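Enquirer: Sequence first, then the predicted structure, then my questions.
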Amino acid sequence: MEDTSGETNLQQPPKRRRSTFFERRDSIMPQPAPDNILDSQATIIDGDEKRKEELLRYYDQLMNEKQQWKREINEKRNKYHDLRQQLEIATASSSRSKLDYSVLTSEDIEFLNAKVNISKLVEIQQDLHKSLMQTKEFYRKASQLNNVIVSHCENKINEVTDYIIENSTISD
């Protein structure tokens, strides 16, 4: 009898490849690494014990993955809640005092809602900024005036010194 299985494999069309849309797993259960288990240990450890250890490792991996998914879902849920709250506050506020709530946290929004005269605080802050800029300009002008006075005094001292040296009667 000749081997006809090789001929039948050649006649069949090639198998379709699976989609790579989903992440592939090599197998349902991870295979043990041959480097970690010596031949002498492999004969000692029973097949059931190895399987239990592998199942426990795989279970731990799945539990860690599950915890990570829970954390991500909670973070997205909290972010959604904050955005919904910001939208509700933004739509409830009057059109003349519209503020951009996109960069504020829920604590900031609560703080702003507790303050009735927020526009007055903004005006005071702007006035403070203007007065600070004026003070800075005054300091710059005072510094320039101080430099002028010091240079004028130095010139007068030099003139007096030169006059004294020229009119001195002491000879060398």
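Expert: That came in fine, so what should we check first?
Enquirer: where along this protein do the helices fall?
Expert: 5-11, 39-44, 47-92, 106-114, 118-166 (DSSP state H).
Enquirer: Just put those helices in CSV and tack on mean pLDDT.
Expert: Listed next are the helices of the chain as CSV, based on pLDDT from 0 to 100:
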stretch, mean pLDDT
helix 5-11, 54
helix 39-44, 55
helix 47-92, 85
helix 106-114, 73
helix 118-166, 91
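Enquirer: Save these as a markdown table, and put in mean neighbour count too.
Expert: C-beta coordinates here come from the backbone N, C-alpha and C atoms, glycine included. Formatted as a markdown table, these follow (neighbours: other C-beta atoms under 10 Å):
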| stretch | mean neighbour count |
| --- | --- |
| helix 5-11 | 8 |
| helix 39-44 | 9 |
| helix 47-92 | 11 |
| helix 106-114 | 12 |
| helix 118-166 | 10 |
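Enquirer: quick one, what contacts L145?
Expert: The neighbourhood of L145, defined by C-beta atoms under 8 Å, 6 or more residues apart in numbering, contains no residues.
Enquirer: Repeat that for D162.
Expert: Per C-beta under 8 Å, 6+ apart, neighbours of D162: none.
Enquirer: And Y59, how far from E72?
Expert: Distance, Y59 to E72, by C-beta to C-beta, to the nearest Å: 21 Å.
Enquirer: Kindly report the same for Q125.
Expert: 39 Å.
Enquirer: likewise V150?
Expert: Look at V150 and E72: by C-beta to C-beta, they are 67 Å apart.
Enquirer: and if you look at H152?
Expert: From H152 to E72 the distance is 72 Å (C-beta to C-beta).
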